[in-house]
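[1] okay, sequence plus prediction incoming.
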Amino acid sequence: MLKSNLSAEERRRRLEIPTGKIRAVIDSDAATEIDDHFAISYALCAKDKIEVQAVTAAPFFKFTVSSPEEGMTSSYEAILKLFELLEEKSEGVVYKGAPRFMPDRNTPVDTEGARKIIELAHKAKADGEILYIIAIAALTNVASAFLLDPSIIDNCTVVWLGGNAAEWHGDNNEYNLRGDLAASQLIFESGVPFVQFPCQMVTDHLITTEYELRERCEGCGKVGEHLYNHSTSEMKRWGNESRVIWDIITVAYFCVPEAFSSIIKPAPLLRDDKSYDEGDAGRPEMRYVYAVRRDQVFRDMYERLKKYAAKA
């Protein structure tokens, strides 16, 4: 079983919120919903805080695609489109990921995306840095990279939007967590420095409306127009007057850390029924985010998008 060799003290140090600029890989299922598009755009416009060294396309499977491979491929194309809208270079930065989910906790899916994560983790270590993996999808690519090269686990920190809050009284059948349950279980068990942003009861505070989108996407250039049009199209499709922009929480964590409240606690065991077992206080520690102040997050994101568009 994959296990980190970090001491408890070193893991705690690595779970501190960084104050300087980080090196990051973003792992995204960008064709699922518009929130990935907001998060990637936000990160690319936050160059003082985040050096986006790669974006890897993650698999997903729902009614809009016929297979996880089609989900990954369509996500890859959506990411390329975002880079085009932002006039960012995608060559050598955007990579395809897994065409399928992991069959079990011990079997990786070997892809160019997973290999890129490995390459960048080794490069970061050689330079005395840490590679942050901003994961906003099922964890197939991330877990596969660790299984393909276990030596990198102690030089990465995983920042993941997934699962619901431990205090949530409903089920934990959250989209990213269940997408590749074997990969999710592996990350919880591995001891890798790990920051979790739960969906229900935390990230669901990042809600917006068509009226706010119309006002705030104005002046954000081509990507602002794209974000507004696709967001409102999704809302109309489902008959909603509002929606949560989920994935931006992982980027905001580095840009406006004062907007978050979190604790260090032992990582739970993730059971096969997707519930958490919090009973073992001796498990490796993780950072658990339990609150976010939405106004600070949206303010920072839109200010960065506008400044970026003004320089274009």
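    The structure has been received and is ready for your questions.
[2] buried stuff in stretch 264-277?
    Lys265, Ala267, Pro268, Leu270, Lys274, Tyr276 (16 or more other C-beta atoms under 10 Å). Backbone N, C-alpha and C define where each C-beta goes, glycine included.
[3] mean confidence score for it?
    What stretch 264-277 shows for mean pLDDT is 96.
[4] could you pull out the strands in the stretch 201-312 of the chain for me?
    In the stretch 201-312 of the chain, the segments counted as strands under DSSP state E, counting those that start in this stretch are 207-209, 242-244, 260-266, 269-270, 276-277, 285-292.
[5] now the last one: buried residues?
    Just to be clear, that refers to strand 285-292. Glu285, Met286, Arg287, Tyr288, Val289, Tyr290, Val292.
[6] what angle do it and strand 260-266 make?
    Here the directions of strand 285-292 and strand 260-266 differ by 150 degrees (axes from the mean of the first three to the mean of the last three C-alpha atoms, to 10 degrees).
[7] isn't Ala267 up against Ala281?
    No. Taking contacts as C-beta atoms under 8 Å, Ala267 lies outside contact range of Ala281: 10.9 Å.
[8] ok, back up a step: can you lay out the buried residues of strand 285-292 as JSON lines showing pLDDT?
    Shown next, in JSON lines, are the buried residues of strand 285-292 (pLDDT from 0 to 100):
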{"residue": "Glu285", "pLDDT": "97"}
{"residue": "Met286", "pLDDT": "98"}
{"residue": "Arg287", "pLDDT": "98"}
{"residue": "Tyr288", "pLDDT": "98"}
{"residue": "Val289", "pLDDT": "98"}
{"residue": "Tyr290", "pLDDT": "98"}
{"residue": "Val292", "pLDDT": "98"}
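[9] can you redo the residues you listed as CSV with distance to Ser41?
    Formatted as CSV, these follow (distance: C-beta to C-beta, whole Å):
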residue, distance to Ser41
Glu285, 32
Met286, 28
Arg287, 25
Tyr288, 27
Val289, 22
Tyr290, 27
Val292, 19
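[10] which of those residues lies closest to Gly219?
    Ranked by distance to Gly219 (C-beta to C-beta), these are led by Val292 at 24.8 Å.
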